[in-house]
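# below is the sequence, then the predicted model.
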Amino acid sequence: MPRRPRIHLDGIPLHIVQRGHNREPCFFAEADYQSYLHWLTEALAETECQLHAYVLMTNHVHLLLTPKKAAAVPRLLMSLGRRYVQYVNRTYQRTGTLWDSRYKSSVIHADSYLLTCMRYIELNPVRAAMVEDPAHYRWTSYRANGLGQTDARVTPHALYLALGRTQRERLAAYRALFRAQLEREAIDDISLALNQSQPLGNSRFLARIEKLTGERRVARPRGRPRVRTAVPGIGGNQQNLR
């Protein structure tokens with residue numbers, strides 16, 4: 001089955017994940033994370049993309065950004081990838097590829113999913129049991145978005161700015177979002193859209209994407225179809241999805 005073409009659109013937030021080849025590590029020491037972030041900063045400036053959230057995990061990277069021009073996204077990733085791979089190969093005297101050849105991406109309906117996607121990204125180290133609190137993980141945007149730490153790479157989205165009138169109010173409101181666990185359904189929705197290169201949003205957003213691209217783009221459930229079971233006490237034509 002042919003791969004679905006990625007969707008990149010001017011001014012619409014995009015969730016990107018790039019994994020190490022065969023899920024092997026792509027960061028080996030503190031200097032590696034610092035080097036990647038240095039070149040990420042340069043690539044963002046060169047391509048006029050605004051970064052809202054990120055996390056660098058041991059064997060993959062998540063980025064949530066809004067491109068001014070959609071065509072800039074592949075250029076950003078190619079520039080960043082080339083510089084970082086050259087650095088790693090030179091530093092560790094290795095050859096060959098470092099990343100999977102194809103990054104995954106999903107356009108995000110900001111009103112429905114942007115803040116949820118930011119939580120999804122910044123909670124990665126917690127879900128991986130690396131830390132108990134996202135503030136304890138260094139290689140993430142949480143310290144900027146939740147604690148106010150200066151991070152030149154991060155550009156606040158309008159929805160983040162709407163969390164409060166002052167920075168203090170915004171930081172408190174953002175931290176409050178992390179008091180409850182991210183819902184399993186939200187995690188599954190984001191993962192499925194990302195893995196299938198599909199848009200993530202409500203029906204109106206999906207219709208807009210279909211109109212812009214001329215293609216029907218709806219994430220399909222993985223695995224077997226959901227089992228339909230009759231609900232006791234309800235007529236035979238009424239069914240419930242388990």
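Okay, I see it. Numbers count the residues shown, from 1 in each chain.

# and E48, how far from T166?
Separation of E48 from T166 (Cβ to Cβ, to the nearest Å) stands at 28 Å. From N, CA and C alone the C-beta is placed, and that goes for glycine too.

# the more surrounded of the two?
Per other Cβ atoms under 10 Å, whichever of E48 and T166 has more neighbours is E48, with 12 against 8.

# the more buried one contacts K68, correct?
Yes: using Cβ atoms under 8 Å, E48 makes contact with K68 at a distance of 4.2 Å.

# quick one: least confident helix or strand in this protein?
strand 239-241 (a mean of 31; mean pLDDT, DSSP states H and E).

# which other residues reach the helix or strand where R143 lies?
Applying DSSP states H and E as the criterion places R143 in helix 142-147. Residues outside helix 142-147 that contact it (Cβ atoms under 8 Å, 6 or more residues apart in numbering): 53, 118, 122, 134-135, 149-151, 154, 156, 160, 171, 174-175, 178.

# could you redo the last one with a cut-off of 6 Å?
Where contact means Cβ atoms under 6 Å, 6 or more residues apart in numbering, the residues beyond helix 142-147 that reach it are 122, 134, 149, 151, 154, 174-175.

# just the buried ones from those residues?
Buried members of these, scored by 16 or more other Cβ atoms under 10 Å, are 122, 134, 151, 154, 174.

# can you put those residues in TSV and add secondary structure and pLDDT?
Below are the buried ones among the contacts of helix 142-147 laid out as TSV (DSSP: H, G, I helix; E, B strand; the rest coil; pLDDT from 0 to 100):
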residue	secondary structure	pLDDT
E122	helix	98
P134	helix	97
D151	coil	97
V154	strand	98
Y174	helix	98
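
# tell me which of these is nearest to I12?
Among the buried ones among the contacts of helix 142-147, V154 lies closest to I12 (Cβ to Cβ), at 18.4 Å.

# enumerate every residue touching the closest one.
Contacts for V154 (Cβ under 6 Å, 6+ apart) come out as 51, 141, 144.

# now it. Nearest residue, chain neighbours left out?
In space, V154 comes closest to A144 once its chain neighbours are excluded; the distance is 4.6 Å by Cβ to Cβ, 6 or more residues apart in numbering.
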